Structure formats: structure tokens, C-alpha cells
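Chemist: Dropping a prediction and its sequence here:
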Amino acid sequence: MVPTDLRYTTDHEWVRVEGDVATVGITAYAAEQLGDIVFVELPDPGRALEQAATFGVVESVKAVSDLYAPIAGEVIEGNADLGASPELVNSDPYGGGWMIRMRLSDRAQLDGLLDPDAYEALVAAG
Amino acid sequence: MPYGPHTADDRERMLAALGLTSVDQLFDDIPVALRASHLDLPDPEPELELAARLRALAARNRTDLASFLGAGVYRHWSPPAVDQMLLRGEWYTAYTPYQPEISQGTLQSIYEYESLLAELVDLDVVSASHYDGAAATAEAALMTCRATRRERVLISRGVHPHYRETTTTYFEGGLELDEIPLIVDGDAAGTTDLAALERMLAEPGRPVAGVIAAQPDFLGLLEPMPEIGRLAHAAGALFVAVVEPVSLAVLEPPGAYGADIAAGEGQPLGIAPQYGGPYLGILATTDALVRQIPGRLVGLTSDLDGRRAFVMTMRAREQDIRRDKAASNICTNQALLALAASIYLATIGPHGLRDVAALGASRATELEAALAAVGAGRLHPGPYLNEFAVRVPDARSVHRRLLDAGVLAGLVLADAEPGDPTLSDGLLVCATEVTTSDEIARFATALGAILAAPVAGAAR
Amino acid sequence: MSVTGERLQPTLFELSRPGRGGGKIPHPPKDALDRIPAGARRTMPPALPEMNEPDVVRHYVNLSQLNYSVDSGFYPLGSCTMKFNPKLNEWAARLRGFAELHPMAPDETAQGTLQLLWELERALAEISGMPAVTLQPAAGAQGELTGVLMIRAHHRARGEGHRDEVLVPDSSHGTNPATASMAGYRTITIPSAPDGGVDLEAFRAALGPRTAAVMITNPSTLGLFEARIGELLEAVHAAGALAYMDGANLNAILGRFKPGEAGFDVMHFNVHKTFSTPHGGGGPGAGPVGVGAALIPYLPEPRVLREDDGSFRLERQGERPTSIGRMRSFVGNTGVLVRAYAYIRAHGGSGLREVSDDAVLAANYLKHRLAEAYDIPYDRACKHEFVASAATIKHRTGVRTLDIAKRLIDYGYHPPTIYFPLIVEEGMLIEPTETESVDTIDAFADALIAIAAEASARPDLVTGAPHTAPVRRLDEATAARQPNLRWRPMSGVETPCPD
């Protein structure tokens, strides 16, 4: 069961909202599909993102995937730990494997995200 | 069919297993209107006859001339050990090492190649190679744009014209490539015009991603590479050095003078001229730019029992995974040529390589003196390693008459650079360790005779 | 194969000893470099290994024994066409007249090579049904870029430079979309139809005024001939776009289908596939491109021309201003092209058609043999290659195609292409080629069938494979996370080198 305090996207990202700050990462399912993560490319602080814009890239040994902003906002910081330890995305995808923190610009967009049950259903459908 | 194993019985057996009577049935899905009936080609030739045909074709080429032609491809002595290793089927009939467990030969040889070239260019990351020096230069130019997110690259006219033309072709789609002129007069004639470069770097609203210059340049002259690099970096651009690998035994390597990327042609490392290829595109960069470098990379790792082993790595950058977002569409690397270069370097050794470069310089000094003595002086005064341009009036016609005398007197510069009037009387000549004093004497004597008695009108 | 761990070699750097080597080049005069300014001189000599010739030879002979190769065994690699590399071709390429010729030598000294190149162009033109061919591209991928750049030049010349999209099926080789991007195009990927062919309706819906080109592999990367190719080409042309054929699978259709005659506007050849030039461990190859009449003006320069007196010359720079320019230095990978020429002349038209006949027959026979143990997603006549799948095996036993591939190594085979094309679950793309005997094909089928049985009975044998290769499965994650791309003798902890 995925964490119940998060919201999800159809591209297998998760969002944790605290005030007007959102933390974003990819789900355990996504990490498992990719395999051993070897590199994560993240945006610089200050970068403005539209909803669904590409904000980075996650690379595994045999695959690569773009990362899409679940909501619009401005990047506060990327997870510096992922430089030396990209494997955190595999071992702790919802915790130490977080990718970016951003300041939300439109709270209403959160309503369009999937709740945990809806995301589980998406994954089960394959 | 010369190499196929199937007898009529074999074909019968396979067809019978499939419940078919003719192989034509397996082609029934080709729409009738689109079917071809046969190929209108010369009849097949048994090996004996084909060998005679090939020999006759090869014999129509003239490789008996005393050659002073360089211009990016150089004659060197390749120790027979190199080619004899390359003739081993385990090397040349092997596939790309996608299954590393049974490709450790190829993988280790590429890792060694990367390490050997890293020593020569003094940069940490060397790709497993590109098609040739031109493609490597074009890829280096594209790298500077990706890395800086700028869209304009400056390339010196001192870079080989083929490399400039290739880069132009690769840039035809939104990116700008501007040529930096060469100095026309004075001590630095024939080298990159630094004042012009500075002006081009300062143009408002047109930030530069990369500056590309060659060492030695196409005219054989030594460029002020550290100064070019400083100017580039001051403007926030990356610096690409186009290099010749044998010269790196004695010339300062790009890593030492601040180049961010090195590109070049590896043919001089024991690879035969072959009328154009296959050659070896050298591409190297700093650790900081490792994710931008296109092409294969082989790295060291271990297997699950802890044994040291080699594997293609950072593959997510490549076309089969990245697809439309790949940095480059490159699929091949010149693996067999990288192997040849490695075996050459291992066999010749660092002292041997230095001797190759120094002996070439020595022969070039002899050549310069011999040609000057018969009235063909250098076109430019600056220092060179083993290649330079001489002034010869009516160079094209003199070149042809020298050919009749058995001398391939370098390159007619008017053909290579038709748009540059300062080169219209120039011949670009070089010497290497295989150039003999006899050949030099033959060249000088023949040239002296031609210059002393110019022929009126005898056109060929 | 060999015993694991045997024959592993130290690196050249570890074999180096100061003072070894020499004796190849005479010593230059001491003052040879005095005229080079000190500022341009190298201060630290490159730390290249010092070895004597016997050690160099042993190193490379022993390393070679760690390689699988066509000369040592069967490669059922779909999409690669790993046919025999004829030894005559190696002899031919090394003839002094071919090998020693400088690429900028005057045309009159290069008549033999120029004639060979001209004849090779004519042969490839006949094979492809295209009026003209360029031999310049150094590889298939460079051939693709050449083709796409010519397409772009064509549209620009007709005032249709706004066309910015290229359509490719989802089964395409990765080089197709990568090439389109390099040329500044956006790739639109069209899902395949359930029968594995192009979805004609989906293509029709995507074709429009923004389409510059469609890139099709035919036979497809599934080894299936595109039965709807006629309608597709009509639709492409009706939309004002051009059709590019990726010729990687030409081994299936020599003498049976000529892309140019069928309506394709441009195609590339992979001579290291169809025309037997060796793979060399990853290269070199060559990627000639054939074009229809509309694209001839844009061919790269210089072309090889034949004069009225029967002599040959290269186009002069600027002689044909409509050219897209150069794709590379000099005229092409001539050394590779000599080998392709020899291959084509050895076979003639009848021989090449037989090549395709045998390649297609062998593939269908092998597919038939494997059907008892593997899923065959597209169960109709294939061409020179076919897709098998281990999806059922995976669902039943957990054993994956990757494991089966690695276990084949223990049986003495190179694995087939796996997980390509991307649209097949647990896929294997298998191509026997025409130079493997029925005995080899049968033995390979037996091995794959045995491994399928092992997946149920002894899955650990399969998932732990290979057990007998020189090295076992590698840690590719660490290799990518902490890349070690250069030998550094003094830095860090090295795995002890084998003795």
C-alpha cells in the first residue's frame, strides 16, 4: 500500500504538501520498473515550472525517464544527496529518495491529483 | 552461392518441416504489384577470378609515388604486429559487446584505448570513438551547445576544411556556426586571428557556446592555444581543441592548456590511409562534461564473484534507450580501429611515439631547406611541427608536372581552400618518419628543374 | 566456452615496466625539436605503457580468447545479420593499392578505387531500385541522418520548410527518432497494429501538412513484411511527405523487393549487416544511401563521376551547390566498401537472391522448431528474423528472457537480441542468417528448448547463468553510478589484477 498522506500522478510521481511547499518524488512502482537508479538530473533552484513540464530525468542502467511537475510552482531545491547516492530512490522512494521541493503557485491543481486508492487502482490495472 | 551451407536436401528438409513446397511461398505476402523479379548485376565470380579483378583494380591506383601529402591523413610505419592481431577473427568478427560476459576482450581493449588516449590528451573521459575527426569535431561543437544552452559556435579557419564543412552540415537547423578568420600577414600569418575572435565573442545578444581551434592547424602551424582558451572562457564559452595524436607525444596536450573538449583524427596511430576510412574519431572531455559526451563508454566494474571486469556504461545516454532525446544518433563506434590504435601505442611505446614525432620534425626541417634551396620558400613564417605550406607560382600545374616525375607534392591549397587568395600559390607538404632523404632530394630536384624552366602552354 | 576466471588479463599499464620496448623507430637527431617554441612543448611525457613486442602480442592474443565471435560460433542476433565475414574481403582490403592510397591523392592516381566505388554505387542502385547512391556515410545511423537532411533540403527548396514532424512506428530502431531529433524534427510515434504491421489508419490520421517524412523499416523490426506498404506509401505522398526506408533488414528481400521501385524516396544500407563487412567489435561499418530522382540534387558532396572517356573523378568542391554538404571527412569508409564490393561481385544477382531465400527459409524453420517451447506472438510467415517471447515462461516460473539469454552462453551460443523491439513483452529477436547450417540451427533450437525446461525444473541454473563464461554477471549499477573510465594506477582501491 502506498503512503496514505501523499497524492499521486498518472506518471507515477508522488507529492507531499506542507503549507505551500510541495515535495516531489517517484513511487516505489516507478523505481522498480526502472531498475537500479544510477543518475538523477534535477533543476536548479529558482526555476519556474508549469504543471506537467519536464523538470528532470531519472536514469537507470537500462532505462531513462523524464520527470514531470505534478503541479505548477517554483523550485526551492533539489535533493543534493541523490548526486552521491542515486540508489536512495530505490531504497527509500518516499523518504530519503525525494527529488525536489517546490513552492506551489496554484493549490487548486492538487484536486486533480490521484488519491492513494486511485493510484493503487492505476498500478493494478497495469 | 559462395558461403552458404545449404544443399538441396537441406532446403527440402526445412521446407517439408514447414509443410511448403517452395521458398517462394514465404514471399507471398509481398504485394504482387511490388515484387521484383531478379537483380540485373554481373554474374557471380569464383574467388580466383574475383581476386584477379580486385588485384587489377588495386593496381590501377598509384601508390609508388614519393608522397609528401598530409592534410589530415599521415603515412606512418605501422608495426606488422598491429595488423596481425587485427586479422584474428576473435577481434574483427566479434559483435558489439552488449553481452559483457563473453566480450571481455573487446571491452578491456576499449577501456585500455580510453586510458591510453586520456594520457595523450590529458583529459579524463575519452569516448570509445566516433567515425572520424570530422564527426568528432561536429559532435564536440554540439556538446558545447548542450552544455551551455547557447546556440552559437565559433570555429577557426585553421581547422581542417572537411571538419568545418561537416560541422556546418550538422548545424543546419537553428544553431549558428561562424568562422574565425586567420591572420594574413606578419609573424602569426596563417594562425587564428585573436583580435577577431575577441570581437566575435563580445558581440551583444549572440553568446558563444564554444570556440574550436586546431593544433597544429590545417596549414601545419602552431596556434596560441592557451590564449584562445582564455578568451573563450572569459566569455563563458567552452574551448574545443582539435588535435593530432602523434604530435601529442611532443606538443602540450589540450588538458594542460585548459581545453574542455578534445576532438581529432586517430588515423596516424597505425591505421592505413585506405582512401578515406575507416578512421578513428577521437573525442575526449573533462569529468564535468561526462554526461554530455555522446557515444559509447566502457568502464571498469566487477562481476558477482568479485572478479574485475569491463562493461559498457552510462548507456542511458545512447540512442537505443534515449531515442528521440539522445544526445546523438550514433550506434557504432570504431572499435576495430580503436583496437588498432591501442596496439600501435602499446607496440611503439612512449619513447617510440616521441621518436616518430621528432623524426618527422627533423625530416620536415630537411624538406624545408631542400625546397627553399630551389626557390620554394614557406608561405608562413611561424613555427610548425612536420607540415607547412610553400609558395610555388602556378601551383596546380607544377603539382601535375611533379606527379609525372613520380612525386606527390602535397596538396594544392587552391583546391582545398578556393575562397582564400592568400593560399592560391600554395602547396601544403609534410614529412614523417617514413619520408627518406632520397625522396626529399627527388622532390627538390624535380621542383628545381620545373621552376628553372617553366613550360609555356603544355596542358594535359 | 572457457572456465570462468581463466585467461583474464592485466591491463597494459600493469604489464608496463620502465625501459621495456623500443627498436621500432630510428632515433631522431637530438636537436630535432629545438625549433618548437618551449611554450608549445609537452613538459610531462604521456604515461603510456612500456612493453616489449612479445608481451604486447600475448596480451592481445589472450584477450581475443575472451571474445565470442562469428568465426568461433553462432550469433542468432536479430536485426544484426551476423553472417560469415569472407576472408577474401580481408585480403582485398589489404591490397597495397587500396590500403596505401591517400584520400586527397589526385583523381588520376586513384582510378582503381574510383572505379570500384562507382561500380558499387551502380550495384546498390540496382539492388535498391533507386537511381542514385552515395557511399559517403560512415555508418547506418549517419546514413539515416544523411537521408533525413536531404528530405529537409527537398522540403525547404519547395517552400515547405514548415514541415517539422517525422512519423515512426513504435517498433522502430532507436536510431530513427534520434536521427530525426538531430535534424531538428519532432518525432511522432505511431503504435503498431495487432498483427505487428503499421496501423494504416493511425498513420493516415497523423499524416498532414506538418509531416516531413515517415521512417519505416521493411521488413519491420519484428521480421514481418509490411503487406500494407503500397497504401502507406500512397498516403505519405498524398500528404506531401517523403518515405524513408531503414534498410537494416535488407537481407530478407534481395531480389524480391526493390524499395525505390515500390515508392520509397530514400533508404540506407548497412553494409556490415547485409553485405558481410565485419562488425569489428562494434565498428567500423558504412551506411550508403540510395535516393530517388527528387533527392539527387541534395546528395552529399563529392559524388564519384564517370567521364565520357571512361575515367573517373570526384566532384570538385562547390560543383553542385544544391548538395547538403559533407557528412564526414573525405569520400567514405572505402576500406569497408572494398569488402562490400567483393561480396556483391562474389554473389552476383542470382547469389544475392539465394542469400535472401536461404535466410528467410532458415528463420521460418527455426521459428517452427521453437514454437513448442516459446510464445510466437506473430504466428505467420516471417522473413529473415522473428520474435519469440518468454512471457508465458516468466508468468509460470519467474524466469525472464534476460536469464534465458545468459543461460544460452553456457550452451556455447551468443544470446539473441533481447527486449527489442520494445513492443514485445520478454521478447527475443532471432535471426539465423543464410550462412548457418541446418545442424547448427537444430542444435540451437534444442538448446533453447532445454533451457525452457530448465526454467521449470531448475530455475536457479537459469537465473544464475552464465556459469561458464570468463566472467559472471556484472555490477552495471555501480559502473554507472561511479564510473571508472580511465586506468589510474595510484588512485583508489583496485580489484587485484589477475596473475
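Modeler: Alright, I've got the coordinates.

Chemist: who's in contact with residue C:364?
Modeler: Counting by Cβ atoms under 8 Å, 6 or more residues apart in numbering or on different chains, residue C:364 touches B:14, B:18, B:26, C:381-382, C:386. All C-beta atoms are positioned from the backbone trio N, CA, C, and that covers glycine.

Chemist: which among those end up buried?
Modeler: Neighbour counting by 16 or more other Cβ atoms under 10 Å in any protein chain shown classes B:14, B:18, B:26, C:381-382, C:386 among the contacts of residue C:364 as buried.

Chemist: tell me which of those is nearest to chain A?
Modeler: Lowest distance from chain A to the buried ones among the contacts of residue C:364 (Cβ to the nearest Cβ) belongs to residue C:386, with 23.4 Å.

Chemist: and residue C:331, what element?
Modeler: If you go by DSSP states H and E, residue C:331 is not part of any helix or strand.

Chemist: Contact partners for residue A:40?
Modeler: The contact partners of residue A:40, taken as Cβ under 8 Å, 6+ apart, are A:56-59, A:79, A:82, A:86, A:89, A:99.

Chemist: Make CSV out of the residues you listed and add neighbour count, distance to chain C and secondary structure.
Modeler: Formatted as CSV, the contacts of residue A:40 follow (neighbours: other Cβ atoms under 10 Å in any protein chain shown; distance: Cβ to the nearest Cβ, whole Å; DSSP: H, G, I helix; E, B strand; the rest coil):
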residue, neighbour count, distance to chain C, secondary structure
A:56, 20, 17, strand
A:57, 17, 14, strand
A:58, 25, 12, strand
A:59, 25, 8, strand
A:79, 21, 15, coil
A:82, 23, 11, helix
A:86, 22, 6, coil
A:89, 26, 11, helix
A:99, 23, 17, coil
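
Chemist: What count of nearby residues applies to the residue in the stretch 101-250 of chain C that chain A sits nearest to?
Modeler: Nearest residue of the stretch 101-250 of chain C to chain A (Cβ to the nearest Cβ) works out as residue C:174 at 11.4 Å. Residues lying near residue C:174 (other Cβ atoms under 10 Å in any protein chain shown) number 21.

Chemist: Over to it: give its phi and psi.
Modeler: phi -60, psi -30 (degrees, to the nearest 10).

Chemist: still on that earlier bit, so which of the buried ones among the contacts of residue C:364 also contact chain A?
Modeler: Counting by Cβ under 8 Å from any Cβ of the partner chain, nothing from the buried ones among the contacts of residue C:364 sits close to chain A.

Chemist: mind checking pLDDT for the closest residue to residue C:18 other than its chain neighbours?
Modeler: The shortest distance from residue C:18 to any residue other than its chain neighbours is 5.9 Å, reached at residue C:50 (Cβ to Cβ, 6 or more residues apart in numbering or on different chains). Here the pLDDT value assigned to residue C:50 is 96.

Chemist: same question, residue C:171
Modeler: Model confidence at residue C:171, given as pLDDT, is 88.

Chemist: Spatially nearest residue to it (excluding sequence neighbours)?
Modeler: Nearest residue to residue C:171 in three dimensions, chain neighbours excluded: residue C:421, at 4.0 Å (Cβ to Cβ, 6+ apart).

Chemist: To what extent is the residue nearest to residue C:18 buried, counted in neighbours?
Modeler: Neighbour count for residue C:50, taken as other Cβ under 10 Å: 20.

Chemist: does chain B sit close to the worst-scoring helix or strand of chain A on mean pLDDT?
Modeler: None of the helices or strands of chain A scores lower by mean pLDDT, DSSP states H and E than strand A:64-68, at a mean of 89. Yes: judged by Cβ under 8 Å from any Cβ, strand A:64-68 comes into contact with chain B through A:64, A:66.

Chemist: hang on, the earlier thing: could you measure from the residue nearest to residue C:171 over to chain A?
Modeler: Applying Cβ to the nearest Cβ, to the nearest Å, the value for residue C:421 to chain A is 15 Å.

Chemist: and that residue, what is it in contact with?
Modeler: Contacts for residue C:421 (Cβ under 8 Å, 6+ apart) come out as C:170-172, C:221-222, C:387, C:427, C:429.

Chemist: quick one: average pLDDT of stretch C:460-479?
Modeler: Regarding stretch C:460-479, the rounded mean pLDDT is 95.

Chemist: burial count for the nearest residue to residue B:344 once chain neighbours are set aside?
Modeler: Of all residues not flanking residue B:344 in the chain, residue B:270 sits nearest, at 3.0 Å (Cβ to Cβ, 6+ apart). Applying other Cβ under 10 Å, we find 25 residues neighbouring residue B:270.

Chemist: Distance of the residue nearest the centre of chain A relative to residue A:74?
Modeler: Closest to where the C-alpha atoms of chain A average out (Cα atoms, centre = their mean) is residue A:25, at 2.4 Å. Separation of residue A:25 from residue A:74 (Cβ to Cβ, to the nearest Å) stands at 18 Å.

Chemist: same thing with residue B:42?
Modeler: Here residue B:42 is placed at a distance of 69 Å from residue A:74 (Cβ to Cβ).

Chemist: And residue A:47, by the same measure?
Modeler: Residue A:47 sits 7 Å away from residue A:74 when distances are taken as Cβ to Cβ.

Chemist: These two - which one has more neighbours?
Modeler: Legend: neighbour count by other Cβ under 10 Å for residue A:47 and residue A:74, higher for residue A:47 (18 against 13).

Chemist: Three-state assignment for the residue nearest to that one when sequence neighbours are not counted, please.
Modeler: Leaving aside its sequence neighbours, residue A:47 sits nearest to residue A:75 (Cβ to Cβ, 6+ apart; 4.5 Å). What DSSP: H, G, I helix; E, B strand; the rest coil gives for residue A:75 is strand.

Chemist: Tell me, how many residues neighbour residue A:75?
Modeler: Count around residue A:75 with other Cβ under 10 Å applied: 21.

Chemist: Kindly state the beta-bridge partners for it.
Modeler: Going by DSSP bridges, residue A:75 is paired in beta bridges with residue A:102.

Chemist: which residues does it contact?
Modeler: For residue A:75, the contacting residues are A:43-49, A:55, A:100-102, by Cβ under 8 Å, 6+ apart.

Chemist: how near is it to residue C:306?
Modeler: For residue A:75, the distance to residue C:306 - Cβ to Cβ - is 62 Å.

Chemist: Just the helices from the chain, written as ranges.
Modeler: All of this is about chain A. Secondary structure of chain A (DSSP state H): helices located at A:28-34, A:81-84, A:88-91, A:116-125.

Chemist: Let me rephrase: I mean chain B.
Modeler: With DSSP H as the criterion, chain B has helices spanning B:8-18, B:47-59, B:80-86, B:89-92, B:104-121, B:133-148, B:161-171, B:194-202, B:225-234, B:319-322, B:335-373, B:395-404, B:413-416, B:437-452.
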